[in-house]
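Undergrad: I need the structure of the sequence given here:
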Amino acid sequence: MALSKETVQYVADLSRISLEPQELEKFSLQLQTILDFIDQLKEPDTAGVEPTSHILPVSNVFRDDVPSPCLPVEKTLANAPEKEGNFFVVPKVIE
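TA: Residues are numbered from 1 along each chain as shown. Below is the predicted model:
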């Protein structure tokens, strides 16, 4: 994919970035190099390769979601600096 200086300037304008002419030249070449590398990644035949998410055979270990007794309200609020009824009192953050 060919990348023109006009395209780079257009993207810079959208990003509200002002580029000097030498920066435009430099970034155009760098972005073209990146796009050429991405094109190289498309070349190998990966038809028979199974997708992987990790190089090692790891899997998540999940436990069953089993309900257990809740902590009593009194014990939950025992160390609260300030409480009101069955609730924690916190500083107001929205006026």
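
Undergrad: going by C-alpha atoms from here, please, whenever you check contacts or count neighbours.
TA: Fine.

Undergrad: what about stretch 44-57, start to end distance?
TA: The separation between the terminal residues of stretch 44-57, taken as Cα to Cα, to the nearest Å, is 24 Å.

Undergrad: mind listing what's buried along stretch 54-68?
TA: With burial defined by 16 or more other Cα atoms under 10 Å, not one residue of stretch 54-68 is counted as buried.

Undergrad: what residues does that stretch touch?
TA: Stretch 54-68 is contacted from outside by no residue at all, using Cα atoms under 8 Å, 6 or more residues apart in numbering.

Undergrad: what's the first-to-last distance across it?
TA: The straight-line separation of the ends of stretch 54-68 (Cα to Cα) is 34 Å.

Undergrad: centre of the chain to it, how far?
TA: Mean-position distance between stretch 54-68 and its chain equals 22 Å (Cα atoms, centre = their mean, to the nearest Å).

Undergrad: and if you look at stretch 56-71?
TA: Stretch 56-71 has its C-alpha centroid displaced from the chain centroid by 25 Å (Cα atoms, centre = their mean).

Undergrad: run through the strands of this protein in chain order.
TA: 83-84, 87-88 (DSSP state E).

Undergrad: surely Asn86 touches Val73?
TA: Yes: assessed by Cα atoms under 8 Å, Asn86 is found in contact with Val73 at 6.7 Å.

Undergrad: just the helices in this protein please.
TA: If you assign secondary structure with DSSP state H, the helices in the chain sit at 5-14, 21-41, 73-76.

Undergrad: any chance of CSV for those helices, columns mean neighbour count?
TA: Listed next are the helices of the chain as CSV, based on neighbours: other Cα atoms under 10 Å:
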stretch, mean neighbour count
helix 5-14, 14
helix 21-41, 13
helix 73-76, 10
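
Undergrad: what ranges of this structure fall below the confidence cut-off?
TA: Counting by pLDDT under 70, the chain shows low-confidence ranges at 1.
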